[in-house]
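with the input below, show me the fold.
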Amino acid sequence: MKTWDERYSRPGYKYGTEPNRFLAEQEPRLPAGSRVLLPGDGEGRNSVWLAQRGHQVLAVDSSQVGLDKALALASLRGITITTLHADLADWSPPAATCSGVALIFVHLPSAVRPGIHRRLARALAPGGWLILECFHPRQLDYPSGGPREVDMLSDLAAIRSDFSPLLEEVVAWEGEVVLNEGEGHKGPAFVTRYVGRMPAP
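Residues are numbered from 1 along each chain as shown. Here you go, the predicted model:
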């Protein structure tokens, strides 16, 4: 099985250089100049786009090759992002320090996923937003990308369980979409989407 460093070492950007469509649709919820945490953002397409929108971003990934490409993309577009090389299984963000967390196609084994999700949610300050899109178990029937192990895929019930009662549910949906995100995500797909908000005091 290829490591992420090996995947990202190929020329070009595996998932393209444009932002995830669901993230772009939800971004207006974030206050101007928000601090946004992007775990597992790979080659940085979402981090760079959010920085272009005026947000302060921290991209965290286990692949240094991906992070280096994210920094290169940021430089090309004349903006600055902060990166951190870390494994989400071993890393915890400071609590209540950001206005947004974007989890875009970050797939984790079910044994560790709930704990990681809760730690990331606790990074939100009161009123902060968590925006998530991931592949659903039904994605195994589609050739458009994602892990091929059902344990790495999450339906809406699993995502709701991870974030309840920490977050107030604002958007919760699962269904078919058409992806056009580089060579890595292309064509009809079955996804889970969720937006939650940290309750204000």
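
so what's Q52 closest to, chain neighbours aside?
I79 (5.6 Å; C-beta to C-beta, 6 or more residues apart in numbering). The way it works is simple: take the backbone N, C-alpha and C, and place the C-beta from them, glycine included.

and the helix or strand of the chain with the lowest mean pLDDT, what's buried?
Lowest by mean pLDDT, DSSP states H and E among the helices and strands of the chain is helix 4-8, with a mean of 92. Buried residues in helix 4-8, counted by 16 or more other C-beta atoms under 10 Å: W4, Y8.

any buried residues in the helix or strand following it, and which?
Remark: after helix 4-8, the chain's next helix or strand is helix 21-26, criterion DSSP states H and E. Neighbour counts over helix 21-26 (16+ other C-beta under 10 Å) mark F22, L23, Q26 as buried.

going by contacts, tell me the helices and strands next to helix 21-26.
helix 45-52, strand 98-104, strand 124-135 (3 or more C-beta pairs under 8 Å, 6 or more residues apart in numbering; DSSP states H and E).

what angle sits between the second one and helix 45-52?
Using axes from the mean of the first three to the mean of the last three C-alpha atoms, to 10 degrees, the inter-axis angle of strand 98-104 relative to helix 45-52 is 150 degrees.

report pLDDT for the residue nearest to Q52.
According to the prediction, I79 has pLDDT 97.

which element is the closest residue to P114 other than its chain neighbours on?
Distances taken as C-beta to C-beta, 6+ apart put D162 closest to P114, at 4.7 Å, once the chain neighbours are dropped. Under the criterion of DSSP H and E, D162 resides in helix 156-163.

does anything pack onto that helix? Which helices or strands?
Applying 3+ C-beta pairs under 8 Å, 6+ apart, one finds that helix 156-163 contacts helix 113-121, strand 124-135, strand 168-181, strand 185-197.

circling back: CSV please, covering the helices and strands packed on helix 21-26 and showing mean pLDDT.
Output for the helices and strands packed on helix 21-26, formatted as CSV (pLDDT from 0 to 100):
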stretch, mean pLDDT
helix 45-52, 98
strand 98-104, 98
strand 124-135, 98
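
what is the neighbour count of the residue lying closest to G54 once chain neighbours are set aside?
What sits nearest to G54 in space, not counting adjacent residues and going by C-beta to C-beta, 6+ apart, is G33, at 5.6 Å. For G33, the number of neighbouring residues by other C-beta atoms under 10 Å comes to 11.

fine by me, thanks again.
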